[in-house]
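In: sharing a sequence plus its predicted fold:
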Amino acid sequence: MKITLTTILLFLAAHFSFAQDTITKTDGEKIEGKVIEITSSTIKYTRKSQPDGPIRNIELTEIQLIEYADGTKERFVQVESKPSNETVIVESIPSNMINRVRRPGPDLIPSDKDRILQSGMFVDLMAGYANYSGSNSFFNQNFGGVQLRLGNKWYFGKGEKYRPGIQATWIRFGVFSNSISPSDISKGYFSVLNLGFTNAIKFKENRGLEVNLNAGPTILEPPIPTEQSGEFGLLYSLEVKYRLGRLALGIDATRVEEQVGSGIGIGRALSMISLSAGFKF
């Protein structure tokens with residue numbers, strides 16, 4: 001009798017020591033091993049044939065059922081809702097207990113929009129130096145001033161690190177003065193519908209670089225009323241921006257060729273170098 005009891009105990013001990021968890025995937029494949037940890041997005045486990053490691057990972061979305069060595073079962077299902085697809089974990093503990101639902105943690109919630117590669121509206125405030133010069137070497141004036149611009153960017157492709165696009169600056173204007181008094185503002189320009197190219201380069205999450213080239217029609221003199229009428233011209237600019245999420249910090253080189261006489265590039269020109277700070281929405 002003692003020998004029989006001892007044999008039964010040894011058998012049970014051996015059974016539980018070799019009992020394994022069984023992971024059933026959505027494609028029907030079964031994996032025997034030991035479940036180490038369940039996170040909000042993955043399951044960490046070791047295989048039966050490698051009980052001492054390595055520790056492997058598998059996505060929750062690939063799992064249908066886990067049957068633990070103690071008989072407990074845990075089922076994973078995909079639930080579709082109108083706003084989005086959502087993964088819920090249904091833990092089926094022995095039949096005498098009520099099923100409970102555990103919703104995914106922050107890891108399964110879609111991240112915020114890609115602020116570097118997404119299309120959107122932008123607004124920039126610029127401040128810097130301007131030089132107003134003419135074909136006559138004696139005609140040369142220096143100013144300091146501020147500028148504002150508002151527009152949109154549209155990027156193309158599905159690249160994760162680089163996307164080209166088109167930029168439209170709907171409105172851009174600036175005012176300049178050679179003194180610190182606002183009443184001494186003596187130069188200004190007003191430009192609409194500048195079109196050109198934009199390029200976005202992503203370094204890492206919410207960090208990147210923009211290189212933009214734009215051109216458009218301009219009126220030089222307004223919005224500051226003067227005795228002289230405004231002259232039409234062409235504005236073209238090259239800018240480089242460092243992006244920190246929505247925030248953009250950059251440097252802009254702009255030149256306005258004033259149309260005098262028979263064509264653009266003959267006569268007067270306003271050259272500007274500015275630092276910019278802005279947002280993309």
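Out: That came through, no problem. Because the structure is a prediction, the values reported are computed rather than measured.

In: list the residues that contact Gln147.
Out: 125-128, 172-175, 272, 274 (Cβ atoms under 8 Å, 6 or more residues apart in numbering). Yep, even glycine has a C-beta here, placed from its N, CA and C like the rest.

In: how about a cut-off of 6 Å?
Out: 126, 174 (Cβ atoms under 6 Å, 6 or more residues apart in numbering).

In: give me the element it is part of.
Out: strand 140-155 (DSSP states H and E).

In: pull out the buried residues from that strand.
Out: Buried residues in strand 140-155, defined by neighbour count with 16 or more other Cβ atoms under 10 Å: 143, 145, 147, 149, 151-153, 155.

In: and which of those residues is nearest to Lys25?
Out: Proximity of those to Lys25, judged by Cβ to Cβ, is greatest for Tyr155, which lies at 37.0 Å.

In: for Thr61, which three-state class applies?
Out: At Thr61 the chain is in helix, as set by DSSP: H, G, I helix; E, B strand; the rest coil.

In: burial count for it?
Out: By the criterion of other Cβ atoms under 10 Å, Thr61 has 13 neighbours.

In: cool, Leu275 as well?
Out: Count around Leu275 with other Cβ under 10 Å applied: 13.

In: please give the element, helix or strand, for it.
Out: strand 269-280.

In: sorry, back to before: can the buried residues of strand 140-155 go into a markdown table with extra columns for distance to Lys44 and pLDDT?
Out: Conversion of these to a markdown table gives the following (distance: Cβ to Cβ, whole Å; pLDDT from 0 to 100):
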| residue | distance to Lys44 | pLDDT |
| --- | --- | --- |
| Phe143 | 64 | 86 |
| Gly145 | 60 | 89 |
| Gln147 | 55 | 94 |
| Arg149 | 51 | 96 |
| Gly151 | 48 | 96 |
| Asn152 | 45 | 96 |
| Lys153 | 41 | 95 |
| Tyr155 | 37 | 94 |
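
In: what's the closest of those to Ile58?
Out: Tyr155 (34.1 Å).

In: tell me which residues touch that closest one, please.
Out: Taking Cβ under 6 Å, 6+ apart, one finds 117, 119, 163, 165, 200 in contact with Tyr155.

In: look up how far Leu117 lies from the closest residue to the fourth one other than its chain neighbours.
Out: By that I understand Gly165. For Gly165, ignoring the flanking residues on the chain, the nearest one in space by Cβ to Cβ, 6 or more residues apart in numbering is Tyr155 at 3.8 Å. Tyr155 is 6 Å from Leu117, where distance means Cβ to Cβ, to the nearest Å.

In: is the closest residue to Asn142 other than its chain neighbours in a bridge, and if so with what?
Out: With sequence-adjacent residues excluded and distances taken as Cβ to Cβ, 6+ apart, Asn142 is closest to Asn131, at 5.6 Å. Per DSSP bridges, the residues bridged to Asn131 are Asn142, Ser271.

In: hang on, Val211 is in a strand, isn't it?
Out: Yes: read with three-state DSSP, Val211 is one of the residues of a strand.

In: what's near enough to touch it?
Out: By Cβ under 6 Å, 6+ apart, the neighbours of Val211 are 199, 240.

In: how close does it get to Tyr155?
Out: For Val211, the distance to Tyr155 - Cβ to Cβ - is 13 Å.

In: please apply the same query to Glu32.
Out: For Glu32 relative to Tyr155 (Cβ to Cβ), the value is 47 Å.

In: what is the nearest of the buried residues of strand 140-155 to Asp70?
Out: So of the buried residues of strand 140-155, ranked by how close each gets to Asp70 (Cβ to Cβ), first place is Tyr155, at 52.7 Å.

In: where's the residue nearest to Gly165 relative to Arg163, distance?
Out: 4 Å.

In: give me the common contacts of the two.
Out: 117, 200.

In: which among the contacts of Tyr155 end up buried?
Out: 117, 163, 165, 200.

In: list the contacts for the nearest residue to Phe279 once chain neighbours are set aside?
Out: Closest residue to Phe279 apart from its sequence neighbours, by Cβ to Cβ, 6+ apart: Arg246 at 5.0 Å. Applying Cβ under 6 Å, 6+ apart to Arg246 gives the contacts 115, 279-280.

In: what do you get for Thr198?
Out: 153, 165, 167, 212.

In: the last one touches Glu239, doesn't it?
Out: Yes: contact criterion Cβ atoms under 6 Å: Asn212 and Glu239 qualify, at 4.9 Å.
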